[in-house]
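1. could you work out the structure for the sequence below:
(chains A and B)
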Amino acid sequence: DAMVIQNPRYQVTQFGKPVTLSCSQTLNHNVMYWYQQKSSQAPKLLFHYYDKDFNNEADTPDNFQSRRPNTSFCFLDIRSPGLGDAAMYLCATSRGQGDEQFFGPGTRLTVL
Amino acid sequence: GEDVEQSLFLSVREGDSSVINCTYTDSSSTYLYWYKQEPGAGLQLLTYIFSNMDMKQDQRLTVLLNKKDKHLSLRIADTQTGDSAIYFCAESRLYSTLTFGKGTMLLVSP
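-> Numbering: from 1, shown residues only, chains lettered A, B, ... in the order given. As a prediction, this is how the structure comes out:
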């Protein structure tokens, strides 16, 4: 039944140690999104893929990268996590841009 | 740019109706959404409305849209303790990404 899956649900990393979060989908949707959500804030879009086309938000730090090797999987790479990168990271998918988005359960990242 | 505003907190008693309000600034918004987020979880789409509609009802949920005033509301009838969560209003234009409000925390007391 799971449609958007995120692993792991909880991730602890050390300051400056690269970390990768993963997202997979069974919906065969064209678009995959990564959001960062800090406590008591709205989800903030980092970037999204429309198929293989990568779209970076203007204010997303260079420290954040993404890969989408195929339709089903999308990865978020944080090259050198800082304390300020501790947050919930949400993956979402949609059939097309502007269509209803389906969210995964999120990965809570802790940076020590 | 686009902006979506919501009140931050709402407290109701179990069995009462809850009304969560949202305003947006983008007059070209095509879709307006309500998402629910429980603690430590992702966002769950509750309902959405096209901008050419005034109202949409789905069981206990009623969405009202006043396009002239750019005002969206979500009414939850017979609110239950399980409805306690953060509710996000979001809007999008055709072929565009979502813009979220900061969320309204709904607290339902027995």
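2. what about the spatially closest residue to B:Gln37 that is not a sequence neighbour, how many residues nearby?
-> Excluding the flanking residues, the one nearest B:Gln37 by Cβ to Cβ, 6 or more residues apart in numbering or on different chains is B:Ile86, at 4.7 Å. To be clear about C-beta, it is placed using only N, CA and C from the backbone, and glycine gets the same treatment. B:Ile86 is flanked by 21 other residues according to other Cβ atoms under 10 Å in any protein chain shown.
3. in the sheet, who's paired with residue 109?
-> Let's take chain A. Assessed by DSSP bridges, A:Leu109 has beta-bridge partners A:Gln11, A:Ala87.
4. um, chain B though
-> According to DSSP bridges, beta-bridge pairing links B:Ser109 with B:Arg13.
5. residues near it, how many?
-> 11.
6. that one reaches B:Gly15, doesn't it?
-> No - using Cβ atoms under 8 Å as the test, B:Ser109 is too far from B:Gly15 to be in contact (10.5 Å).
7. how about residues contacting the helix or strand in which the residue nearest to B:Gln37 is found?
-> Assigned by DSSP states H and E, B:Ile86 belongs to strand B:85-92. When contacts are defined by Cβ atoms under 8 Å, 6 or more residues apart in numbering or on different chains, strand B:85-92 is touched by residues A:42-43, A:98, B:2, B:4, B:6, B:20, B:22, B:24, B:26, B:29-39, B:43, B:46, B:72, B:74, B:98-101, B:103-106.
8. need the nearest residue in space to B:Phe9, chain neighbours excluded.
-> Spatially, and ignoring its direct neighbours in sequence, B:Phe9 is nearest to B:Met105 (5.0 Å; Cβ to Cβ, 6+ apart).
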